[in-house]
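A.B. asks: Give the three-dimensional model of this entry:
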Amino acid sequence: MIESTPPVRLVTDFPETALPWPLLRAVARIAEAPLSAIAERLHEAVRPYTGGDALVIFTEECTGRPQKKSGDGEVVARVSISELQQLREQVAAEGPWAGTAQIAGRQRQAFALRYAPSNALLVITYPGTAGGRQQAGDMENLDLVSYLWVMAARRIQEKVKDAPPSYLLESRAASAERIRVTGELVDLHSTTLETILAAARSGSLDDATARATVSDAAAKALVELRTHNDQTAELVKEPVATAFERLREDLRPLTRFSGIDVQFIEPPLNGRALPGEIAIAARAIVRGLLLAMMEQPEVRRVRTQWDCDGENLLINVRDDGRGGLSADAPNMERLQRRVQALDGRMEVDLMPGWGADISVTLPLDPPASPADVSGWNLAARELEVLQLLAAGQRNRSIAAALNISENTVKFHVRNLFRKLGVASRTEAIALAHSHGLR
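C.D. replies: Numbering: from 1, shown residues only. Alright, predicted model coming up:
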């Protein structure tokens with residue numbers, strides 16, 4: 001006789017106060033957030049504990065768009081990289097900071113935290129300059145806010161490391177555009193300040209004290225402007241030796257218990273600095289190749305080497321297996337797409353019984369300007385939308401990248417169809433590709 005046991009009853013009728021459901025939902029939303037939405041979701045999660053009218057994340061992991069913002073439109077529109085760099089210098093790596101800082105063009109009350117592993121900065125601003133209950137020492141649930149911030153910062157690191165080709169294209173385009181705009185501003189303001197200096201130093205002015213004061217002020221402003229330009233350029237570049245050392249650190253946990261001897265051949269110390277997107281992609285490519293090689297039987301040793309010929313980053317990864325690595329495997333095809341997204345090439349040399357030898361070449365400069373598209377009479381925003389379309393992005397991703405609504409994207413796409421004389425996205429993308437837009 002078989003005795004039956006009473007069914008197990010799942011308890012699903014918890015009282016509302018039993019678990020912090022809003023907090024758990026906020027944690028889940030941060031954990032699944034795309035890069036474009038991570039500031040907004042973190043802002044939603046910490047607002048009950050911090051207050052504040054705006055939240056800004058400053059991270060050099062994202063070279064194309066190092067600022068991620070949510071909240072008050074004035075702060076979001078006007079906060080600058082130089083302001084965030086100056087504030088970061090005041091924030092200790094091991095604790096919070098609260099006080100008054102220059103943010104978005106004026107002094108504001110702010111709360112800030114740093115994430116030491118990536119040097120990312122979290123800033124929350126408040127409307128007034130007077131202190132309030134949000135002072136760091138008095139803030140309730142400071143540990144919880146710190147936990148949510150660390151989760152968001154790690155999420156950014158993970159998303160950047162595993163970024164798809166479309167992200168790398170968009171990020172590289174944004175980096176190049178920022179450098180171009182900064183260069184134009186430097187030229188404009190340098191000319192203005194040099195004119196002021198020339199006038200102030202002119203012997204035709206009688207008031208020597210006034211001339212000296214103006215000269216000192218203009219000279220100081222000129223130095224600050226040049227420094228800001230250098231900082232902006234450095235933000236999107238990484239020395240090749242530093243990038244390679246970060247690769248070694250990234251791979252250390254992966255290789256520690258694998259039993260495989262991973263050898264690193266150092267690049268030259270005087271090699272050309274790498275654009276941020278190239279450094280990120282190179283590390284991801286080597287990591288992917290190493291994983292693919294480790295899955296093969298009888299691989300005991302893998303060697304990775306970087307070099308730089310002034311125009312390209314040259315990567316070589318070689319194993320001592322049987323040479324059975326499949327170049328058509330899905331993981332290898334993904335790596336091939338990532339290489340192609342940066343106008344590079346990957347060559348796979350399989351030697352049965354001797355191992356696999358893979359060479360990757362990544363150009364350090366963006367592709368040459370595409371063929372003349374002036375005949376399309378596209379507005380600047382329409383060209384941006386077309387470039388993102390050609391990179392394979394959908395309307396939602398385009399809206400997030402350009403900080404516009406999906407309806408606005410649809411409006412621009414309709415105009416593109418009309419101006420290009422096409423009837424579908426596929427035709428528009430094919431036409432863009434034929435003119436060098438990718």
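
A.B. asks: going forward, measure contacts and count neighbours with C-alpha atoms only.
C.D. replies: OK.

A.B. asks: can you give me the helices in this structure?
C.D. replies: Assigned by DSSP state H, the helices in the chain fall at 21-31, 38-50, 73-78, 81-90, 142-161, 165-200, 208-235, 240-255, 276-294, 330-341, 380-390, 395-402, 406-420, 425-434.

A.B. asks: so which of those helices gets nearest residue 61?
C.D. replies: helix 142-161 (6.8 Å; C-alpha to C-alpha).

A.B. asks: what's that closest one packed up against?
C.D. replies: Counting contacts by 3 or more C-alpha pairs under 8 Å, 6 or more residues apart in numbering; DSSP states H and E, helix 142-161 packs against helix 21-31, helix 38-50, strand 106-115, helix 276-294.

A.B. asks: just the angle between the longest one and helix 240-255, please?
C.D. replies: In other words, helix 276-294. Here the directions of helix 276-294 and helix 240-255 differ by 30 degrees (axes from the mean of the first three to the mean of the last three C-alpha atoms, to 10 degrees).

A.B. asks: Buried residues, helix 276-294. List them.
C.D. replies: By neighbour count on 16 or more other C-alpha atoms under 10 Å, the buried set for helix 276-294 is 276-290, 293-294.

A.B. asks: Find the residue closest to residue 361 in space, skipping its chain neighbours.
C.D. replies: Take residue 361 and drop its neighbours on the chain: the residue closest to it by C-alpha to C-alpha, 6 or more residues apart in numbering is residue 314, 4.9 Å away.

A.B. asks: what's the burial count for that neighbour?
C.D. replies: Neighbourhood size, residue 314 [other C-alpha atoms under 10 Å]: 17.

A.B. asks: Quick check: pLDDT value at it.
C.D. replies: Turning to residue 314, the model gives it a pLDDT of 93.

A.B. asks: where's it relative to residue 283, distance?
C.D. replies: The spacing between residue 314 and residue 283, counted by C-alpha to C-alpha, to the nearest Å, is 12 Å.

A.B. asks: Over to residue 252?
C.D. replies: Residue 252 sits 13 Å away from residue 283, going by C-alpha to C-alpha.

A.B. asks: So residue 416 sits against residue 382, correct?
C.D. replies: Yes. Between residue 416 and residue 382 a contact is recorded at 6.8 Å, counting by C-alpha atoms under 8 Å.

A.B. asks: So between those two, which is more surrounded?
C.D. replies: The residue with more neighbours, out of residue 416 and residue 382, is residue 416; 24 against 18, by other C-alpha under 10 Å.

A.B. asks: What residues does that one make contact with?
C.D. replies: Taking C-alpha atoms under 8 Å, 6 or more residues apart in numbering as the criterion, residue 416 is in contact with 378, 382, 386, 428.

A.B. asks: which of the residues you listed has the most neighbours?
C.D. replies: That'd be residue 386 among the contacts of residue 416, by other C-alpha under 10 Å, with 24 neighbours.

A.B. asks: and that one, what is it in contact with?
C.D. replies: Going by C-alpha under 8 Å, 6+ apart, residue 386 touches 413, 416, 428, 429, 432.

A.B. asks: One more: residue 88?
C.D. replies: 114, 121.

A.B. asks: now swap in residue 244 and tell me
C.D. replies: Residue 244 neighbours (C-alpha under 8 Å, 6+ apart): 266, 267, 283, 306.

A.B. asks: Report the buried members of those residues.
C.D. replies: 267, 283, 306.

A.B. asks: Just the closest of those residues to residue 22, please.
C.D. replies: The closest of those, once distances to residue 22 are taken by C-alpha to C-alpha, is residue 283, at 37.2 Å.

A.B. asks: Number of residues surrounding the closest residue to that closest one other than its chain neighbours?
C.D. replies: Nearest non-adjacent residue to residue 283, counting by C-alpha to C-alpha, 6+ apart: residue 247, 5.6 Å away. Neighbours of residue 247 under the rule other C-alpha under 10 Å: 19.

A.B. asks: can you redo the helices and strands packed on helix 142-161 as CSV with mean pLDDT and distance to residue 161?
C.D. replies: Shown next, in CSV, are the helices and strands packed on helix 142-161 (pLDDT from 0 to 100; distance: least, C-alpha to C-alpha, whole Å):
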stretch, mean pLDDT, distance to residue 161
helix 21-31, 85, 15
helix 38-50, 90, 16
strand 106-115, 91, 17
helix 276-294, 84, 6
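
A.B. asks: how about those in TSV, adding distance to residue 341?
C.D. replies: Converted to TSV, those look like this (distance: least, C-alpha to C-alpha, whole Å):
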stretch	distance to residue 341
helix 21-31	27
helix 38-50	24
strand 106-115	30
helix 276-294	10
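
A.B. asks: Please identify which of those is closest to residue 57.
C.D. replies: Checking the helices and strands packed on helix 142-161 against residue 57 by C-alpha to C-alpha gives helix 38-50 as the closest, at 6.8 Å.
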